[in-house]
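>>> below are the sequence and a predicted model for it; my questions follow.
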Amino acid sequence: MARDRCLPAALAWGLGGTAAVASLALSGILPVASWLATPLVVAEGVRPVDALVVLGAGTYDDRTLTPDGAYRLVHAIQMLKAGQASLMILSGGTHRGTRQSDARVMADVAVSLGVDPRSLMLDEAPTSTWAQAESVARIAAARRLRTLGLVTSPVHSYRASKAFRRAGLDVVSLPIGPDFDPRLLSVGEDHVAGRVDVIVHALYEYVAIAAYRVRGRL
């Protein structure tokens, strides 16, 4: 009986200890996320450009963008409507077996938000950052576009801007707006789950950057 009475107390102590350890571990996520992600954010001065280039970030179906994709598109639309460019190049192929390309879904969403279809150009073939850089370089040469505003997610901006410059393009990296809170490096709320997401994306970017350097793409 004495042993039975001890079990609830032991369980309570065990759960309390686990919670304490978890709390200490999770509290360390906040500075780690910022430390990992901040060097990956390349945000340059907002200024007029010949065209804005929006890099696709996948879709859930033929009509729904991922949160990252929606963030990029809305940010670009705001700049387009502010007069920073008259043309928006939407770049991205198909992912996850969807029938429509990222570019096509972004265009449909942009038009539904009041963007003039004549201001949109679709680049539906590329499915990687480097392929987008090469494809957009061909478009820029054909249309004599000199300066491009590159719109992507904050943590992706270092690799993207480096790859596009390696492809011979003059780009201005515009992943965030002037009122952006640097603590919010992912799309969503600033909470533990969001910070874990930032860490995962940042680690992926560091691996991708290393691979791009080995291949001479940065």
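Arrived safely, thanks for sending.
>>> tell me, how many residues neighbour Glu124?
For Glu124, the neighbour count with other CB atoms under 10 Å is 18. In this view, the C-beta of every residue, glycine as well, is placed from N, C-alpha and C.
>>> not counting its neighbours along the chain, what's nearest it?
Once flanking residues are discounted, Glu124 sits nearest to Ser101: 4.0 Å by CB to CB, 6 or more residues apart in numbering.
>>> what helices or strands is the helix or strand harbouring Gly194 leaning on?
Element membership for Gly194 (DSSP states H and E) is helix 192-214. With contacts defined as 3 or more CB pairs under 8 Å, 6 or more residues apart in numbering; DSSP states H and E, the packing partners of helix 192-214 are helix 29-37, helix 129-143, helix 157-166.
>>> go again using 7 Å as the cut-off
If you count contacts as 3 or more CB pairs under 7 Å, 6 or more residues apart in numbering; DSSP states H and E, helix 192-214 packs onto helix 29-37, helix 157-166.
>>> the ones you listed into TSV, with extra columns for mean neighbour count, mean pLDDT and distance to Thr64?
Listed next are the helices and strands packed on helix 192-214 as TSV, based on neighbours: other CB atoms under 10 Å; pLDDT from 0 to 100; distance: least, CB to CB, whole Å:
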stretch	mean neighbour count	mean pLDDT	distance to Thr64
helix 29-37	17	75	26
helix 157-166	22	97	23
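>>> surely Lys162 is in contact with Leu218?
Yes. At 4.4 Å, Lys162 counts as touching Leu218 under the criterion of CB atoms under 7 Å.
>>> ok, now how distant is the spatially most central residue of the chain from Val214?
Geometric centre of the chain, nearest residue: Ser153, 2.4 Å, by CA atoms, centre = their mean. According to CB to CB, to the nearest Å, Ser153 and Val214 sit 23 Å apart.
>>> now the phi/psi pair for Val53, please.
When read as degrees, to the nearest 10, the backbone of Val53 gives phi -110, psi 120.
>>> same thing with Val151?
Per degrees, to the nearest 10, the backbone of Val151 is at phi -110, psi 120.
>>> what about the protein, any weak spots by pLDDT?
Along the chain, the model assigns pLDDT under 70 to residues 1-30, 96, 177-191.
>>> how many residues are close by Ile209?
Ile209: 17 neighbours (other CB under 10 Å).
>>> with Ile89 instead?
Count around Ile89 with other CB under 10 Å applied: 27.
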